[in-house]
Every structure is written in C-alpha cells, then in structure tokens.
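Participant: Sequence and predicted model, in that order:
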Amino acid sequence: MTRPARQPAVYILASARNGTLYTGVTSDLVARIWQHKNDIVSGFSQKYATHTLVYYELADDMLSAIEREKQIKSGSRARKIALIESVNPDWADLYEGLLG
C-alpha cells in the first residue's frame with residue numbers, strides 16, 4: 001500500500017458522539033490521527049480521549065489549513081457540531097477511510 005503524499009488538513013476528533021471535541025491541523029493526516037489514537041503525544045487529546053476522527057478538510061497549503069483551524073476553533077460548540085453533522089451525521093470514525 002502506498003501512502004498518499006503529505007497534504008495539509010484540519011480535523012476534528014471526538015471522545016464520543018456530542019462528547020469532547022479537539023480541533024487540530026497537520027501536514028500528514030494519517031500519521032497524526034494514528035498518533036492521537038495511540039496516545040503518542042501527551043496533551044488535550046490524550047487527557048480527554050478524543051480518538052475518533054469525525055471531520056476533516058484538506059487544504060491547498062499549510063497557511064490555509066492553519067487559518068481554517070483558527071476559524072473552526074473560534075466558532076461555537078454548536079457550529080462545530082453542525083459542521084461535523086453536515087458531512088458525518090452518524091459521527092462515524094473516518095480514519096479507516098483514509099487508509100483505503
């Protein structure tokens with residue numbers, strides 16, 4: 001299996017449906033989500049067990065991804081939930097689809 005080339009992305013992880021949310025940005029989505037799922041890096045995601053990838057957007061460049069992350073983070077919780085449910089109403093873990 002060949003891994004896709006690195007591409008900037010912004011993502012949202014959840015501890016459970018309507019649970020704790022974590023918004024992040026990365027240049028390698030597959031590797032970063034694996035790190036979250038396996039608690040490789042200590043911090044918010046490890047502390048609150050936000051291991052389910054419920055939303056992500058790919059970006060053209062890292063600057064755009066960072067700007068989008070800031071925009072999502074500055075929004076209300078209700079807006080984040082609406083964003084997730086607009087593309088993932090069942091709050092399914094999207095990680096497996098990245099490995100495809």
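Facilitator: Great, that's in hand. Numbering: from 1, shown residues only.
Participant: Please give me every residue in contact with the spatially most central residue of the chain.
Facilitator: The centroid of the chain falls nearest to Tyr11 when counting by CA atoms, centre = their mean (2.4 Å). The contact partners of Tyr11, by CB atoms under 8 Å, 6 or more residues apart in numbering, come to 23-26, 29, 32-33, 53, 55-57. (Each C-beta comes from the backbone N, C-alpha and C, glycine too.)
Participant: SS state for Val25?
Facilitator: strand (DSSP: H, G, I helix; E, B strand; the rest coil).
Participant: repeat for Trp34
Facilitator: Per three-state DSSP, Trp34 ends up helix.
Participant: mind listing what the closest residue to Tyr48 other than its chain neighbours touches?
Facilitator: Ranked by CB to CB, 6 or more residues apart in numbering and with sequence neighbours excluded, the top spatial neighbour of Tyr48 is Thr20, at 4.4 Å. Shown in contact with Thr20 (CB under 8 Å, 6+ apart): 14, 48-50.
Participant: is it true that the residue nearest to the centre of the chain lies in a strand?
Facilitator: Yes - per three-state DSSP, Tyr11 lies within a strand segment.
Participant: Quick one, grab the pLDDT at the residue nearest to Tyr48.
Facilitator: What the model reports as pLDDT for Thr20 is 97.
Participant: how close does it get to Ile72?
Facilitator: Using CB to CB, to the nearest Å, Thr20 is found at 15 Å from Ile72.
Participant: Could you do Pro89 as well?
Facilitator: 18 Å.
Participant: quick one, which of those two is more surrounded?
Facilitator: Ile72 (20 against 8; other CB atoms under 10 Å).
Participant: Excluding chain neighbours, what is closest to the more buried one?
Facilitator: Computed as CB to CB, 6+ apart, the closest residue to Ile72 that is not its neighbour in sequence is Thr23, at 5.2 Å.
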